[in-house]
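1. Pasting the sequence and the predicted coordinates here, then a few questions.
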Number of protein chains: 2
Amino acid sequence: MKKYAEMSREELAAEKTALVKQFEGYKAKGLKLNMARGKPGADQLELSMPMLDVLNSKSDCRADNGADCRNYGELSGITDAKKLFSEYMGVGEDEIFVVGSTSLTFMADCVMRAMLTGVLGSEKPWCKYDKIKFLCPVPGYDRHFAICEFLGIEMINVPLTEWGPDIDMVEKLVANDETIKGMWCVPKYTNPLGGVYADEAVRRIARLKPAAKDFRVFWDNAYAVHQVYKDVPLLNLLDECKKAGNPNMAYMFGSTSKISFPGAGVGFFAASKENIDFTVKQLGCEAIGFDKMNMLRHVRFFKDMDGIRAQMEKHAAILRPKFDAVLNALDANLAPCGAGSWVKPQGGYFVTYIAEKGCAKRIVALCKEAGVTLTPAGATHPYHKDPDDAYIRIAPSFPTPAELSLAMEIFCTSARLAFAEKLLG
Amino acid sequence: MKKYAEMSREELAAEKTALVKQFEGYKAKGLKLNMARGKPGADQLELSMPMLDVLNSKSDCRADNGADCRNYGELSGITDAKKLFSEYMGVGEDEIFVVGSTSLTFMADCVMRAMLTGVLGSEKPWCKYDKIKFLCPVPGYDRHFAICEFLGIEMINVPLTEWGPDIDMVEKLVANDETIKGMWCVPKYTNPLGGVYADEAVRRIARLKPAAKDFRVFWDNAYAVHQVYKDVPLLNLLDECKKAGNPNMAYMFGSTSKISFPGAGVGFFAASKENIDFTVKQLGCEAIGFDKMNMLRHVRFFKDMDGIRAQMEKHAAILRPKFDAVLNALDANLAPCGAGSWVKPQGGYFVTYIAEKGCAKRIVALCKEAGVTLTPAGATHPYHKDPDDAYIRIAPSFPTPAELSLAMEIFCTSARLAFAEKLLG
């Protein structure tokens, strides 16, 4: 196939006619397919069902320090869970706080507490500034941006590539603006682009010299062990921050939402001991303790990092054919005509299709017309505004491979049609 | 026995000498007893162990609307849990939001969101005032006060009796001060006094005419079904607020922390549909959904309100001898000598001993000397400051009845000694 950009106007018009015909054919089928949601499929959920047998009415419910997990106490998490999840996050056992069932809620809570009272070392609460700002690598995770939007925190777009955000830009921005207080990062299998922050990107983030002494990197390591094809190593931000003399700059988050049960897993927060102590003290008014029974259930089921890794192999085996379906469709149908680009993710939950400028909304609308629901265009950017109207997040995990193949046929046809329309003007 | 206040100086001095001797005898035993914590005892926790068998690897994990509780979604709670806990709270199914494992965390979250963005109908976020204030019936729950202290919300003491707070005072205060935005209430088996708000108190609270249009009553109905001796009926605040034309003034909270497992139960928030819709919308950035597996576990175990009531009968049977031990000791040893006063609670988790003014700290210190740990004096008041130095919270639930009897002997001796010291000057 010829690249569309190299076609004559007549060739392109003929191509468009063919595509419209194809598209009408799909429409006539009256399909209902969904690639909008980064939800694990039912077969992935089955992997964790044996966890439900781990605690039963005969179980001893004591943590390894003897604490009764059925009662109040142990605000920062049970000892067993701290041991496992500190290893997961690559930090010490006094550098972790095991929280409730989702890390997102705790991230929002961290930002809200910072707004109301400041973080360790703040001169004043963040809400006492006329305006504070967060840096947002784009494309990024819509719920991070929603937290900022909800709280009136101004968001500044920073371009993200496969190897991390534009660090030159980040360095310059934070060095000169005392009101830039935070930066959102999903460093591994980035949501939704699918790359992994390169060592140099992590090191340069750790070495930032922000004008704000209370600047924090919100490091949402949601996919730390979530390879689909290959485990790509990621430098440990806290280690690098310590080396750089910035130990308190890293706020790292993780959860088992996509290891065990989404929304019913265990979340955790990793940071310097000073940050953890500060946070535990603050949390004393908000909680007597998080759900220790669920922590115990997770620890007894997985036992150790090998247990988690074995589980993730099983997830990967289920996800691989789904990612294959998406990537193969893109390679076969869109690469040859030169429509858009994408990163091949080695893990995580998403593939991002970067359409030709101005085409994303049109593609999403075409797909909807033919019965395929995608995440709305713009969701990958702060304020739902993608200035290039180019990014589309594809979530392969929830549909079956068969549904996915069909949905991707429609997606590719829509993408080609939108591109042809654009070129024809 | 003669009342101390009626004794001659000589009689009192002799009494004191006898008490000191008795006290030294206790000290010599080197005991370690604890009546500080409102924690259920191990036998109470055993009551909920069969709940752990309800969900196992063979279970169907769908809510009654078909939602898979193992996956993301259902932000405001699963339909089954809404049904059960709306009945528990006496509200409609669209007037409830089932949240995470503790209601305290959600209460703090509600206050934080109000600070940062306001509640429904706020002209501006509460943090944009120089100072906002909450009314705090005293004695009250230390963690409510801790939330205010953490957020810099000024607390105003309002005297609480067995039948509710001083409503004349509440009416006057809220009518004239636009910066009074909230009021904490534990309306049933009040923490720690042990009374129940009378119908007239609830009605007058519902009819308040606050200067602040965004005033909220934080109604922490923590002990709604937690009778020890007798179920004392409580009017439903939301109903009364609707009748009074104030439907959005009530923020009601509850949880199963003292029904199933403390910290690993289910919390819920009940309010007008308008408030719930507003809250669900706000929460969208903080959570994708709370732990639905634990909701399902609770609903399938308790089934309905009869199931919850049957469980609470069992809790009451365990708690009754413990409350008996405390109340009998007070009746036998302190009533005759006229030392202090107390409410006989019909339920809940605490007994409050109201010592003669200026004696509470001394009593707590004497108990500590003899090996009995009590909640620190002052904990029942904002800023840990009890202006009368009179209130001591006694928590009978965690020790065994035998431990409790011994601890109460020491407590009563300490209370008499402190009173005798005070009278002798």
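-> All right, it came through fine. Numbering: from 1, shown residues only, chains lettered A, B, ... in the order given.
2. Give me the three-state assignment for the nearest residue to residue A:51 once chain neighbours are set aside.
-> The spatially closest residue to residue A:51, leaving aside those adjacent along the chain, is residue A:301, at 4.1 Å (C-beta to C-beta, 6 or more residues apart in numbering or on different chains). Every C-beta, even on glycine, is put in place using the N, C-alpha and C of the backbone. Classification of residue A:301 by DSSP: H, G, I helix; E, B strand; the rest coil places it in helix.
3. Determine the number of other residues adjacent to residue A:301.
-> Using other C-beta atoms under 10 Å in any protein chain shown, residue A:301 has 19 other residues around it.
4. residues in contact with it?
-> Neighbour list for residue A:301: A:48, A:50, A:51, A:54, A:260, A:307 [criterion: C-beta atoms under 8 Å, 6 or more residues apart in numbering or on different chains].
5. Please report how far it lies from residue A:257.
-> To residue A:257, residue A:301 is 15 Å away according to C-beta to C-beta, to the nearest Å.
6. before we move on, what SS does the closest residue to residue A:279 other than its chain neighbours have?
-> Distances taken as C-beta to C-beta, 6+ apart place residue A:97 nearest to residue A:279, at 6.0 Å, with adjacent residues excluded. What three-state DSSP gives for residue A:97 is strand.
7. can you pull up the bridge partners for residue A:97?
-> residue A:269 (DSSP bridges).
8. from the middle of its chain, how far away would the helix or strand of chain A with the lowest mean pLDDT be?
-> Using mean pLDDT, DSSP states H and E, the weakest-scoring helix or strand in chain A turns out to be strand A:33-34, at a mean of 92. Centroid separation for strand A:33-34 versus its chain: 21 Å, with C-alpha atoms, centre = their mean, to the nearest Å.
9. same for it, what does it pack against?
-> The contact analysis (3 or more C-beta pairs under 8 Å, 6 or more residues apart in numbering or on different chains; DSSP states H and E) places strand A:33-34 against strand A:372-373, helix A:401-424.
10. And residue A:329, which helix or strand is it part of?
-> Using DSSP states H and E, the element containing residue A:329 is helix A:305-333.
11. Now do the residue nearest to residue A:51 against residue A:50, distance only.
-> In terms of C-beta to C-beta, residue A:301 sits 7 Å off from residue A:50.
12. Sheet partners, orientation included, of the least confident helix or strand of chain A?
-> Strand pairing (DSSP bridges) places strand A:33-34 next to strand A:372-373 (parallel).
13. and the strand it pairs with, what's its mean pLDDT?
-> The average pLDDT for strand A:372-373 rounds to 96.
14. Checking residue A:229 next. Helix, strand or coil?
-> The assignment at residue A:229 comes out as coil when based on three-state DSSP.
15. same question, residue A:149
-> When classified by three-state DSSP, residue A:149 comes out as helix.
16. In chain A, where is pLDDT below threshold?
-> Scanning chain A for pLDDT under 70 picks out nothing.
17. Helices of that one, residue ranges please.
-> Remark: helices assigned in chain A by DSSP state H are A:9-28, A:42-46, A:79-89, A:103-117, A:142-151, A:167-176, A:199-206, A:237-243, A:273-283, A:292-302, A:305-333, A:360-369, A:401-424.
18. give me the number of residues near the residue lying closest to residue A:111 once chain neighbours are set aside?
-> What sits nearest to residue A:111 in space, not counting adjacent residues and going by C-beta to C-beta, 6+ apart, is residue A:147, at 5.6 Å. When neighbours are defined as other C-beta under 10 Å, residue A:147 has 22 of them.
19. give me every residue that touches residue A:147.
-> Going by C-beta under 8 Å, 6+ apart, residue A:147 touches A:107, A:108, A:111, A:153, B:285, B:286.
20. separation between the most centrally placed residue in chain A and residue A:281?
-> Centroid check for chain A by C-alpha atoms, centre = their mean gives residue A:191 as the closest residue, at 3.7 Å. Going from residue A:191 to residue A:281 by C-beta to C-beta gives 31 Å.
21. repeat for residue A:152
-> 26 Å.
22. returning to what we had before: and the contacts of residue A:301, which of them are buried?
-> The neighbour-count test (16 or more other C-beta atoms under 10 Å in any protein chain shown) marks A:48, A:51, A:54, A:260 as buried among the contacts of residue A:301.
23. Can you give me the distance of the closest residue to residue A:299 other than its chain neighbours to chain B?
-> Leaving aside its sequence neighbours, residue A:299 sits nearest to residue A:80 (C-beta to C-beta, 6+ apart; 4.4 Å). In this view, residue A:80 and chain B are 15 Å apart by C-beta to the nearest C-beta, to the nearest Å.
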